[in-house]
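In: could you look at this predicted model? Sequence included:
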Amino acid sequence: MNRKFKLILIAAFVLIGVVAFLLVIRTPGEDASPQAEQKFLRVGPKEITIRNVTKDPVTYTLAPVGSNIKPIEKHLAVGAVERVPTTQTLVVAYQKNGREVSYSLYPGKPYSFRYDSSDQLDIWIGAHGREDAEDLAPFVPTPPEVVNKMLELAKADKDSVIYDIGCGDGRILVTAAKKYGSRGVGIDIDPVRIKESKANARESGVEKLVKFREEDATKTDISLATIVTLYLLSESNELLRPKLERELKPGTLIVTHNYIVPGWEDKEIDSATVMDKEGKSHSIFLYKR
């Protein structure tokens with residue numbers, strides 16, 4: 001085979017490759033059909049869940065990171081959960097305060113649309129993605145300084161029975177048991193958090209004083225509580241308010257971190273501001289049933 005023929009053959013293969021590439025790629029905006037969505041999402045064993053915990057339907061778009069494909073527009077009803085099987089990092093974009101914002105979403109992670117402290121739409125990491133239970137808040141650990149102040153404001157002691165709704169890793173109840181000898185019940189829908197809570201109680205030697213339940217807090221009986229601790233968002237506190245009013249005995253103390261209980265302005269009896277070790281300010285509100 002002479003050199004000229006080899007060059008012609010190589011050029012032919014290159015041309016075939018270019019043509020094949022042009023046939024399969026799509027330019028931005030060319031295809032936003034459900035079929036296109038399935039193509040660009042690369043379905044795999046992992047999934048991204050997005051839950052709407054706001055009071056309004058949410059419109060947003062999804063697209064793979066770095067893709068030039070037109071983003072797929074989505075509409076998520078109030079309380080609905082979107083499940084996206086994917087092995088790719090996705091970009092979610094939506095309108096916030098009159099401008100478009102976007103964030104990266106990672107496979108295997110749960111997310112939720114919620115309101116921020118200014119009542120503006122935002123997306124948070126953390127949501128259990130289940131349709132059989134309320135999703136009250138993403139998991140954000142409470143700093144030790146705030147835990148101590150919450151228990152101080154509520155005057156926790158050995159006679160206290162503390163119910164921590166959305167207990168996370170159990171740090172509030174474990175601290176109360178170690179410091180004051182208080183008994184406690186932690187409620188969380190996430191089995192991972194419950195496992196962490198039990199491990200923390202075991203390591204701290206307070207297993208006999210605290211219990212942790214994997215339950216939907218909106219359906220759990222809290223009538224035995226003398227103190228209730230909450231680190232939820234305002235809309236979740238508002239959702240729980242009828243339950244708190246119905247089940248808690250008069251005189252029960254409710255202490256919240258950063259978020260008020262809407263409609264309980266007349267029940268607020270104390271408040272405090274605490275700085276954590278990173279210099280961030282935290283608000284604490286104390287209510288009396």
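Out: Done, it's in.
In: so which residues of the protein form helices?
Out: 3-24, 34-41, 144-153, 171-180, 191-204, 234-247 (DSSP state H).
In: which of those helices has the lowest mean pLDDT?
Out: Between the helices of the chain, the lowest average pLDDT goes to helix 34-41, which shows a mean of 45.
In: in the chain, what helix or strand scores lowest on average pLDDT?
Out: helix 34-41 (a mean of 45; mean pLDDT, DSSP states H and E).
In: what residues are up against the residue lying closest to residue 124 once chain neighbours are set aside?
Out: Once flanking residues are discounted, residue 124 sits nearest to residue 138: 4.5 Å by CB to CB, 6 or more residues apart in numbering. All C-beta atoms are positioned from the backbone trio N, CA, C, and that covers glycine. The contact partners of residue 138, taken as CB atoms under 8 Å, 6 or more residues apart in numbering, are 112, 114, 124-127.
In: of these, which is the most crowded?
Out: residue 127 (26 neighbours; other CB atoms under 10 Å).
In: show me what contacts it?
Out: Residue 127 neighbours (CB under 8 Å, 6+ apart): 49-51, 53, 110-112, 135, 138.
In: at 6 Å instead, please
Out: Residue 127 is in contact with 51, 110-112, 135, counting by CB atoms under 6 Å, 6 or more residues apart in numbering.
In: narrow the residues you listed to just the buried residues.
Out: For the contacts of residue 127, a burial check counting by 16 or more other CB atoms under 10 Å picks out 51, 110-112, 135.
In: tell me which two of the residues you listed sit farthest apart.
Out: 111 and 135 (10.8 Å; CB to CB).
In: measure the closest residue to residue 181 other than its chain neighbours to residue 113 for me?
Out: The shortest distance from residue 181 to any non-neighbouring residue, by CB to CB, 6+ apart, is to residue 158 (3.9 Å). When distance is defined by CB to CB, to the nearest Å, residue 158 is 42 Å away from residue 113.
In: neighbour-wise, which of these two wins?
Out: residue 113 (24 against 11).
In: how near is that one to residue 213?
Out: Residue 113 is 27 Å from residue 213, where distance means CB to CB.
In: swap in residue 55?
Out: 28 Å.
In: looking only at neighbour counts, state which of those two leads.
Out: residue 213 (16 against 9).
In: check contacts around that one.
Out: By CB under 6 Å, 6+ apart, the neighbours of residue 213 are residue 187.
In: show me what it bridges to in the sheet.
Out: residue 187 (DSSP bridges).
In: got it, and residue 92?
Out: When bridges are called by DSSP bridges, residue 92 pairs up with residue 62, residue 103.
In: the one 4 residues further on too?
Out: Under the criterion DSSP bridges, residue 96 forms beta bridges with residue 99.
In: touching, it and residue 121? I think so.
Out: Yes: assessed by CB atoms under 6 Å, residue 96 is found in contact with residue 121 at 5.4 Å.
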